[in-house]
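> have a look at this prediction, sequence included:
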Amino acid sequence: QVQLVESGGGLVQAGGSLRLSCAASGRSFSVYAVGWFRQAPGKEREFVTAISLSGLRTYYVDSVKGRFTISRDNAKNMVYLQMNSLKPEDTAVYYCASSRDSSWPPFKTDYWGQGTQVTVSS
């Protein structure tokens with residue numbers, strides 16, 4: 001079992017930045033790839049980005065490339081999502097997820113966090 005807890009969401013103006021954090025506990029965090037998903041009201045949950053066990057491989061959906069950066073610190077059992085140049089369409093609940101699979105995308109989630117709200121005002 002891996003427990004994931006997100007933090008860092010909030011309200012920000014368009015063009016601003018936020019950094020989300022995902023804290024992991026339970027089984028060894030370093031054996032899992034970690035991803036971030038988001039779900040806007042009335043829409044399906046969307047895979048946004050992922051980072052490999054080592055941190056050397058990352059993936060970003062086209063809509064966030066160049067604006068979002070995922071990173072991890074296995075010593076601290078933490079994963080971060082730095083979000084810059086935020087747009088109103090980035091408004092969603094953001095979820096941290098872990099996976100033992102390495103062939104993403106698609107990201108095959110084993111464990112989910114509870115989510116953190118990000119709201120970008122225009």
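Looks like it came in fine.
> any idea how far residue 80 is from residue 88?
23 Å (CB to CB, to the nearest Å). (C-beta placed from N, C-alpha, C; glycine too.)
> and the strands in this structure?
Using DSSP state E, the strands found in the chain span residues 2-7, 10-13, 18-26, 33-39, 46-51, 58-60, 68-73, 78-83, 92-99, 111-112, 116-121.
> and the second one, what's buried?
In this case it means strand 10-13. Going by neighbour count (16 or more other CB atoms under 10 Å), the buried part of strand 10-13 is residue 12.
> can I get it as PDB, trimmed to CA atoms?
Extracted in PDB, the C-alpha atoms of strand 10-13 (Å, rounded to 0.1, in the frame of the first residue of the first chain):
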ATOM      1  CA  GLY A  10      -5.300  27.200  -4.400                       C
ATOM      2  CA  LEU A  11      -6.600  30.300  -6.300                       C
ATOM      3  CA  VAL A  12      -4.300  32.100  -8.600                       C
ATOM      4  CA  GLN A  13      -4.600  34.600 -11.400                       C
END
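> contacts for it next, please.
18, 86, 117-121 (CB atoms under 8 Å, 6 or more residues apart in numbering).
> again, only this time at 6 Å
18, 86, 119-121 (CB atoms under 6 Å, 6 or more residues apart in numbering).
> pull the number of nearby residues for residue 93.
Counted with other CB atoms under 10 Å, the neighbours of residue 93 add up to 18.
> list the contacts of it.
39, 115, 117.
> which one's more surrounded, residue 88 and residue 80?
residue 80 (18 against 11).
> separation between the closest residue to residue 18 other than its chain neighbours and residue 108?
Distances taken as CB to CB, 6 or more residues apart in numbering put residue 83 closest to residue 18, at 5.0 Å, once the chain neighbours are dropped. Remark: distance between residue 83 and residue 108 (CB to CB) = 24 Å.
> thought residue 34 was touching residue 100?
No - in this structure, residue 34 is not within contact of residue 100 by CB atoms under 6 Å, at 11.1 Å.
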